[in-house]
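> Turn this into a model:
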Amino acid sequence: MDARHETPQDKGRKLNWRQACRVIGCGKTQFYNLVNSGTLPAYRPEGCKRGLWVYEADCCNQIKPVKNTP
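All right, here's what the predicted structure looks like:
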């Protein structure tokens, strides 16, 4: 997992994996696949071994637009 251990500059609301899954519309496995592949940037607060956080804006970038067909 390429989760950083420092807190990056503030980019908005921080989400845990459950909240992020709701925003993206995916399950826990897909969430961690996105993080592990580097597609979804994530970090751990300094000094924490557990707890993975992502920014809501980064999650919103993962949502694929649905094409409307007539």
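> Could you give the bridge partners of the residue most central in space within the chain?
With distances taken as C-alpha atoms, centre = their mean, the residue of the chain nearest its centroid is residue 54 (4.0 Å). Beta bridges link residue 54 to residue 15 when assigned by DSSP bridges.
> 5 is where my numbering starts, stick with that
That works, and once the first residue is 5, the last one we named lands at residue 58.
> I figured it was touching residue 17, is that so?
No: taking contacts as C-beta atoms under 8 Å, residue 58 lies outside contact range of residue 17: 9.9 Å. Yep, even glycine has a C-beta here, placed from its N, CA and C like the rest.
> where do the helices sit along the chain?
With DSSP state H, the ranges of helices along the chain come out as 21-28, 32-41, 60-64.
> Please produce JSON lines containing those, extended by mean neighbour count and mean pLDDT.
Shown next, in JSON lines, are the helices of the chain (neighbours: other C-beta atoms under 10 Å; pLDDT from 0 to 100):
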{"stretch": "helix 21-28", "mean neighbour count": "16", "mean pLDDT": "94"}
{"stretch": "helix 32-41", "mean neighbour count": "15", "mean pLDDT": "94"}
{"stretch": "helix 60-64", "mean neighbour count": "16", "mean pLDDT": "92"}
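> need these in TSV with distance to residue 50, can you?
Conversion of these to TSV gives the following (distance: least, C-beta to C-beta, whole Å):
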stretch	distance to residue 50
helix 21-28	19
helix 32-41	18
helix 60-64	19
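> before we move on, back to that, which residues does the residue nearest to the centre of the chain contact?
The contact partners of residue 58, by C-beta atoms under 8 Å, 6 or more residues apart in numbering, come to 18-19, 21, 24, 39, 44-47.
> any idea how far residue 51 is from the closest residue in space to residue 45 that isn't next to it in sequence?
Among residues not flanking residue 45 along the chain, residue 62 sits closest, at 5.5 Å (C-beta to C-beta, 6 or more residues apart in numbering). Distance of residue 62 to residue 51, computed by C-beta to C-beta, to the nearest Å: 22 Å.
> And residue 16, by the same measure?
Distance from residue 16 to residue 51, by C-beta to C-beta: 22 Å.
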